[in-house]
Structure formats: C-alpha cells, structure tokens
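Novice: Output the structure for:
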Amino acid sequence: MSTAFEVLGRDHEEAKQIFTELELGLTAATGADRDHLELRGRIVRHLVVQEARHQAVEEMYFWPVVRERLGDGTELASQAQDQEREAKEILGELDNLTPEDDEFEGRLAEFIRVARAHIAFEETTVWPSLWAVLRAAESDDLGRRLEEGKRTGTAMPRRRINGAA
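Specialist: Predicted coordinates for the structure are as follows:
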C-alpha cells in the first residue's frame, strides 16, 4: 500500500521526467522531422491527460484533507489550486496546438515552468506540514483513495480523514 505522498510523488517524478524529455527533444525550430514532431505532440497529449487526472484526484481527496488538517490549510490549498488553474489553462491551449504551431514551444515552456513551481510548492511547503499531522493509517487511506481515483476516474465516497463520517 502506498502513502498519499508516495502516490503523488510518483506522479511528480513522472511529470518531471516528461518535462526533461520535452526540453531536450528536437523542436520544429531545431530541425525535428515530422516523426519527431508527431511524437512530441503525442507526449504532450499524454501529459495533458496525466495532469488532468492528477489534478482531479488532488482536488477530490488531497486538498480537502489539507484544508481540514492544517491550520493554514485553506490558504495553502487555495494557493496550490490557483497554480493548478494556471497550468490547466496553459494545457488547454497546448491541447489545441500542434508542435508545428509558432506558439506551441513558448506555451509548453510556460507550462513546464508553472508545473515545476507547483510541484516544488507542494513538496516543500505543503507535504512537510501534512506529513507531521497525518497518522500512517490516514496517509495510507488517502493514498488508496488517490490511486483508486486515478485508476477509475471516479470519486470514492469521502470520509473525513480522521475517520469520522
């Protein structure tokens, strides 16, 4: 069983690997052929889907727990969700572009910058505080809900993290 931090951490690591792959890859401006550009487009479409899934389960399960359990949780969750909204807007634009479009690489670079800042915010600001207040069983339960939500794309019934109805 994975803790909430392990589930989200795996998502973050996968995203960072994709960011690096995209940053190092050939672009239309650096001489990529049609096959490379098609692959680049598929990678970005995969990223759009993965990020949407990640943000959805965080919104359903993770941010409510942050709000519930941390004294400054409402502020932290709001700040994080503002970052996520900005990233989602950029991803929406990217989803309507192709790697051949002039604005594609600029929007992609902007998304990667915003996403890395958001990941750093979660991992260095939110996680340590939440880690300190969650019991192991609570983190495991939250991890299970996150995994199930990502796998099925559906919400599981939400219980208060401390076990109350």
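
Novice: Tell me which helix or strand comes right after the strand or helix carrying residue 82.
Specialist: Element membership for residue 82, per DSSP states H and E: helix 73-95. Using DSSP H and E, the helix or strand that follows helix 73-95 in sequence is helix 104-121.

Novice: and that next one, what other elements does it pack with?
Specialist: If contacts are counted by 3 or more C-beta pairs under 8 Å, 6 or more residues apart in numbering; DSSP states H and E, helix 104-121 sits against helix 4-24, helix 73-95. All C-beta atoms are positioned from the backbone trio N, CA, C, and that covers glycine.

Novice: Only the buried residues of it, if you could.
Specialist: 104-105, 107-108, 110-112, 114-115, 118-119 (16 or more other C-beta atoms under 10 Å).

Novice: and if you look at stretch 54-61?
Specialist: The neighbour-count check on stretch 54-61 (16+ other C-beta under 10 Å) flags 54-55, 57-61 as buried.

Novice: and which of the residues you listed is nearest residue 94?
Specialist: Closest approach between the buried residues of stretch 54-61 and residue 94, by C-beta to C-beta: residue 55, at 14.6 Å.

Novice: ok, back up a step: how about the helices and strands packed on helix 104-121, which one is nearest residue 45?
Specialist: helix 73-95 (7.1 Å).

Novice: Next, the angle helix 104-121 makes with that closest one.
Specialist: 160 degrees (axes from the mean of the first three to the mean of the last three C-alpha atoms, to 10 degrees).

Novice: just to revisit the earlier point, format the buried residues of stretch 54-61 as TSV; extra columns: distance to residue 80 and pLDDT.
Specialist: TSV is the format used below for those (distance: C-beta to C-beta, whole Å; pLDDT from 0 to 100):
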residue	distance to residue 80	pLDDT
54	12	94
55	10	93
57	14	95
58	8	96
59	10	95
60	14	95
61	13	97
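
Novice: Which of those fall within helices?
Specialist: 54-55, 57 (DSSP state H).

Novice: how about a markdown table for these, with distance to residue 76 added?
Specialist: Below are these laid out as a markdown table (distance: C-beta to C-beta, whole Å):
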| residue | distance to residue 76 |
| --- | --- |
| 54 | 17 |
| 55 | 16 |
| 57 | 17 |
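
Novice: Among the buried residues of stretch 54-61, which one lies nearest to residue 17?
Specialist: Minimum distance to residue 17 across the buried residues of stretch 54-61 is 14.0 Å, recorded for residue 54 (C-beta to C-beta).
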